[in-house]
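> Turn this into a structure:
(one chain, ligands or ions: 1)
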Amino acid sequence: MARCHLLLFLAALSSIFGLLHASAGDADPIYSACVDQCEKTGCVGDECSQHCNFTSGGVPVDGPWYLQEPLYLRWKQWDCLSDCRYHCMLAREKERKKAGLKPVKYHGKWPFQRANGIQEPVSVALSALNLAMQFHGWVSFFIFVNYKLPFRPNRKPFYEYTGLWHIYAIFAMNSWFWSVVFHSRDVDLTEKLDYSSAVALLGFSLILAVLRVFSVTAEAARVMVSAPLVAFVTTHILYLNCYQLDYGLNMKVCLGMGILQLILWAVWAGVTRHPSRWKLWVVVIGGALAALLEIYDFPPYRGFVDAHALWHATTIPLTYLWWSFVRDDSEFRTTTLIKKAK
Ligand SMILES: [Zn+2]
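Numbers count the residues shown, from 1 in each chain. Now for the predicted structure:
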């Protein structure tokens, strides 16, 4: 969890920092003139995008989405803009390289080479691996709780957090799924879905951290703890999607929720007698070290591997360890409860 938070919140953070500060590339007037020109003609030099031929003039209509032009036309506009930005970026970077200048970021992202139309193939592959890792962890937890551990007389597991971990797995897999999509194609919709899923996961993992660290098991107490957090996270997601995708605000919210749960787990790992507390430590420290990758951001090696991609790589082993901690925790609680019952 801590890992996941840290990761996710760092992922969100990195994108945010990128979007806030590192857009030297798109501030370049030659680049922006190129994009404007391309949106009209569909071409950059000899490169032309077939997505830029609009039958309706390509002007979005105001009003609710169901009254606007068909969705496919909207996709076309997104594709046109994204193709134009891509080709202008490549053209500009070629010129900059000739002039002996270093790569700069465009719209918060380094100049990546596309592969088969995928924007950041390495981040996509690593996000997919993270997704697979979450799925593996979840299935192994499911099997462990349902087939390896004893049940209560009412055929329910002893472990009081089973249901919460199942929900957590769904949030985590959802979040990595949208990360795959977002790194494949960065448009308004995929960006919002990626951000919203990450915030939802962060929020839920914070609730889970509070419930587990303070051993909240009574239904009423759980509802009391969760309700304000659920309300807060829902409001924040609605604000991002329906009002304004405010990167600065989102960064503060994610940072707040991320740091809070990290502290919770770290303090708990320090005071608890939990037999697997070292796994918590590794995840917390590993996550913090991985954060350095996001701070020492560097341009992609050969146009493919940047710091953000490497960071997605580090979350894969941490995810494995995290689910291993969850399994240990279920076993630990089950043994404790059985001992108590005797
Ligand atoms: Zn990412």
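
> how close does Met133 get to Leu321?
Look at Met133 and Leu321: by CB to CB, to the nearest Å, they are 10 Å apart. All C-beta atoms are positioned from the backbone trio N, CA, C, and that covers glycine.

> Could you do Thr314 as well?
11 Å.

> which neighbours do those two share?
Gly286 (CB atoms under 8 Å, 6 or more residues apart in numbering).

> Could you say which helix or strand holds the residue nearest to Val210 when sequence neighbours are not counted?
Spatial nearest neighbour of Val210, excluding adjacent residues (CB to CB, 6 or more residues apart in numbering): Val225 at 5.6 Å. Following DSSP states H and E, one finds Val225 within helix 219-238.

> So for Met133 and Leu321, which sits in the more crowded spot?
Met133 (21 against 18; other CB atoms under 10 Å).

> per-residue pLDDT, the more buried one?
We have a pLDDT of 97 for Met133.

> Also Lys339?
Looking at Lys339, its pLDDT stands at 89.

> Name the SS class of Thr217, please.
coil (DSSP: H, G, I helix; E, B strand; the rest coil).

> Kindly tell me how buried Ala307 is, as a neighbour count.
19.

> all helices for this structure, in order.
2-21, 24-27, 29-41, 71-98, 121-143, 162-184, 188-213, 219-238, 247-271, 277-295, 307-341 (DSSP state H).

> Mean neighbour count, those helices: which tops it?
Of all the helices of the chain, helix 2-21 has the most neighbours on average by mean count of other CB atoms under 10 Å, namely a mean of 23.

> circling back: can you tell me which of the helices of the chain the model trusts least?
Among the helices of the chain, helix 2-21 scores lowest, at a mean of 44.

> one step back: does the residue nearest to Val210 really touch Ala209, like I thought?
No - look at Val225 against Ala209 with CB atoms under 8 Å: they stay out of range, at 10.6 Å.

> What are the structural domain limits within the protein?
When the chain is parsed with automatic domain parsing, its domains come out as 2-20+119-341, 24-98.

> Next, format those domains as a markdown table and append distance to Tyr106.
Shown next, in a markdown table, are these (distance: least, CB to CB, whole Å):
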| stretch | distance to Tyr106 |
| --- | --- |
| domain 2-20+119-341 | 10 |
| domain 24-98 | 4 |
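
> Quick one: closest of those to Pro111.
Comparison of the domains of the chain against Pro111 by CB to CB identifies domain 24-98 as nearest, at 4.9 Å.

> Do me a favour and get the end-to-end distance for that closest one?
18 Å (CA to CA, to the nearest Å).

> Next up, phi/psi of Phe304, please.
Phe304 adopts backbone torsions of phi -120, psi -50, taken as degrees, to the nearest 10.

> Just to check, it is in contact with Pro121?
Yes - using CB under 8 Å, Phe304 is in contact with Pro121, at 6.6 Å.

> Quickly list what's touching both of those two.
Ala115.
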